[in-house]
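Novice: here is my input, please return the structure:
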Amino acid sequence: MAPEEAQFLATAFPQFKITAGTSFPVSGLAYDATTAENAYWKFEPIAYGSGSITCDVIWYADTSTTSTHGVTWQVAVAAITPSADTTNVETKSFATAQSASTDLGSADAQKLMRTTITISNLDSIAAGDEAWLRVTRLVSDAGDDLTGDAILTSVRISYSDT
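Specialist: Presented below is the predicted three-dimensional model:
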């Protein structure tokens, strides 16, 4: 899921930015180092079968090159089965969020990183549901000590079809 596809609430959202790279433009969401910010994506788990969903958050540090600095990402899912669930779509809540941290691991500037989060709190998701994914930089977590923005470049989800 691309940064351009993200949706936001009225407050606490990351800044959308496009950086003119040497060879191609790089788009991303700039998550602040001191404020918990959220972005949302809607998706349809067309061929979802069973089990956990794997979420890869692809990101880079905007300014930090300290190898031990890291970011904690938190994700949560909400799902509604159209024509079957009686839940109000405008007041639906998310399942319990899950998180993971990744350190830069080297002093390479603006190195692309991957944080993998296994989502087992799935809100009874099923194939054909309308589903929403919330991605938060969890700045209150001890594992999030990156000074400066974390630029999210994409979110990838995968799951079993059996």
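Novice: separation between residue 104 and residue 53?
Specialist: Distance of residue 104 to residue 53, given as C-beta to C-beta, to the nearest Å: 26 Å. (Each C-beta comes from the backbone N, C-alpha and C, glycine too.)
Novice: whoops, residue 6 was the one
Specialist: 18 Å.
Novice: which element is residue 95 on?
Specialist: Assigned by DSSP states H and E, residue 95 belongs to no helix or strand.
Novice: returning to that earlier point: more neighbours: which of residue 104 and residue 53?
Specialist: Taking neighbours as other C-beta atoms under 10 Å, residue 104 and residue 53 compare with residue 53 leading, 23 against 20.
Novice: hmm, the more buried one is touching residue 156, no?
Specialist: No - assessed by C-beta atoms under 8 Å, residue 53 is found out of contact with residue 156, at 10.6 Å.
Novice: which strand residues bridge the most centrally placed residue in the chain?
Specialist: Centroid check for the chain by C-alpha atoms, centre = their mean gives residue 135 as the closest residue, at 3.3 Å. Going by DSSP bridges, residue 135 is paired in beta bridges with residue 39, residue 75.
Novice: could you list every residue that touches it?
Specialist: By C-beta atoms under 8 Å, 6 or more residues apart in numbering, the contact set of residue 135 is 38, 39, 40, 41, 57, 73, 74, 75, 152, 155.
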